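Novice: Prediction below, plus the sequence it came from.
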Amino acid sequence: MTPGYVGGVVAILFAAVVWGTTGTAATFAPDVSPAAIGAAAMGVGGIAQALIALRGISRSRAVLWDQRRLLVIGAVAVAAYPLAFYGSMRLAGVTIGTVITIGSAPLLSALIEYVLDRAGLTARLAIGALVGLIGMTFICVAESASHSEVVGGNDVPLGVTLGLIGGLTYALYSWTARRMMLRGMRSSVAMGATFGLGGLLLMPVLVATGGPFLASWENAAVGMYMAAVPMFLGYLCFGYGLARVQASMATTITLLEPVIAAVLAVIIVGERLPVLGWVGVALVVGCLGIITMPYSRKQIETELGVRSA
C-alpha cells in the first residue's frame, strides 16, 4: 500500500464528511431556493478553485485546449449537479435526496468507465458497492417511513428523479476530471478549470435566484459556509484523491456522505432514524472497510490503470 494511495483515500473520506453537512446546513436557510443554494455553493466554490489554480491553468492553456471536450462536458456536469442535488433534497428530504444522489453515483461511474474506458469492475469494488447500496436502501426506506407525514408523496418521485440526475452528473464530472489527470494534467488544474467553468455557468442562476441570501445574516452565513468548506475545501481534497484512486472507487468511498447526512439530520435537525436506518449506516461503514482495506502494490497499479512498459 503506497502513501499516495492512502493519502488519496483519506482525502476523499474528508471530502465525504464535509459534503455530508450540506443538507443540514441548507435547512438553516429555508427561504433560499435549492437553485440558489446550489448555484452559490458550487458556483462560488468552483470559481474560488479556479482562482487558486489560476497560475497552473494559465500555464496549461494549450493542454486544456487539447482536452476541451472533456473540460466542457465536465463543466456542464458541474453546473447541473448542484441544481439536481439540492432540488432532490428539498423535494424528497435531506436523507433520501442524499442517498439517491450519492448512492447511484458509484454504479453510474463504473458504467461510464466500462462503456468509455473498457475498464473491468473489480470483485472487491462490486461487493463493496453492493453492500453500500443495500445499506443506503435501508436508510432510504427507514427515512421514507418515518417522514411520510412530512414529505409529500407527490414530491418524492420527482425528488428521486433529480437525485438520479445528480448521481449521473457527479459520476460524469469525476470521470472527466480523472481522464484529464491521467493525460498528464495536475489535479489542481483539472479540478480548477472544470469547476471554474462550471461555476461561471452557474452565475446567471445565482444572480436570478440569490436575492434571499441578502435577506439575513443567517442566510448569508449558510451561503458562505457552503461555498468555502464543502465545495471549495471538499473538492480540493476530492481532486487530490481522484488523482490517486479510480473514479468508481472514489465515488464509492463517498457513500459515507449519506451516513454523515443522516446522523446530522438526527442530531441537529431533529429527524428520527429508525433501527433499520442504523443498520443501513452500519452496512455503509462496512462497505468502506471492504473497498479501502490494504492493497498489494500490484493491485494498486491495476486499480490505477498503470501498465509496465
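Specialist: Perfect, thanks for sending it.
Novice: Could you point out the helix or strand that follows the helix or strand where residue 175 lies?
Specialist: Using DSSP states H and E, the element containing residue 175 is helix 155-182. Moving toward the C-terminus from helix 155-182, the next helix or strand (DSSP H and E) is helix 187-209.
Novice: tell me which residues of that following helix are tucked away?
Specialist: By neighbour count on 16 or more other C-beta atoms under 10 Å, the buried set for helix 187-209 is 187-199, 201-203, 205-206, 209. Any C-beta I mention is one placed from the backbone N, CA and C, and that applies to glycine too.
Novice: For the residue nearest to residue 160 when sequence neighbours are not counted, give its distance to residue 251.
Specialist: Counting by C-beta to C-beta, 6 or more residues apart in numbering, the nearest residue to residue 160 once its immediate chain neighbours are dropped is residue 100, at 5.4 Å. According to C-beta to C-beta, to the nearest Å, residue 100 and residue 251 sit 14 Å apart.
Novice: what does residue 158 give?
Specialist: Residue 158 sits 23 Å away from residue 251, going by C-beta to C-beta.
Novice: which one of those two has more residues nearby?
Specialist: residue 251 (29 against 14; other C-beta atoms under 10 Å).
Novice: CA atoms only: put the host helix or strand of the more buried one into PDB for me.
Specialist: Secondary-structure assignment from DSSP H and E places residue 251 in helix 247-253. Extracted C-alpha coordinates of helix 247-253, given in PDB (Å, rounded to 0.1, in the frame of the first residue of the first chain):
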ATOM      1  CA  ALA A 247     -13.100   7.300 -10.200                       C
ATOM      2  CA  SER A 248     -15.500   4.500  -9.400                       C
ATOM      3  CA  MET A 249     -13.700   3.800  -6.200                       C
ATOM      4  CA  ALA A 250     -13.700   7.500  -5.300                       C
ATOM      5  CA  THR A 251     -17.400   7.800  -5.800                       C
ATOM      6  CA  THR A 252     -17.900   4.600  -3.700                       C
ATOM      7  CA  ILE A 253     -15.900   5.900  -0.800                       C
END
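Novice: just for the chain, where's the confidence low?
Specialist: Within the chain, the segments meeting pLDDT under 70 span 1-3, 119-122, 143-154, 156, 271, 273, 288, 291-309.
Novice: Identify the residues contacting the residue nearest the centre of it.
Specialist: Nearest to the mean C-alpha position of the chain, counting by C-alpha atoms, centre = their mean, stands residue 170 at 5.8 Å. Residues near residue 170 by C-beta atoms under 8 Å, 6 or more residues apart in numbering: 77, 81, 85, 101-102, 105, 251.
Novice: which helices and strands sit right next to the strand or helix carrying residue 35?
Specialist: Using DSSP H and E, residue 35 falls within helix 34-38. Packing partners of helix 34-38 (3 or more C-beta pairs under 8 Å, 6 or more residues apart in numbering; DSSP states H and E): helix 68-92, helix 187-209, helix 217-226.
Novice: To residue 277, which of the ones you listed lies closest?
Specialist: For these, proximity to residue 277 was assessed by C-beta to C-beta; helix 68-92 is nearest, at 15.1 Å.
Novice: Figure out how far the closest one is from the centre of its chain.
Specialist: 10 Å (C-alpha atoms, centre = their mean, to the nearest Å).
Novice: Quick one: residues in contact with the helix holding residue 35.
Specialist: Residues from elsewhere that reach helix 34-38 (C-beta under 8 Å, 6+ apart): 26, 29, 81-83, 85-87, 89-90, 202, 205-206, 209-213, 222-223, 226.
Novice: Just the buried ones from these?
Specialist: The buried subset of those (16+ other C-beta under 10 Å) comprises 26, 29, 81-83, 85-87, 89-90, 202, 205-206, 209-210, 212-213, 222-223, 226.
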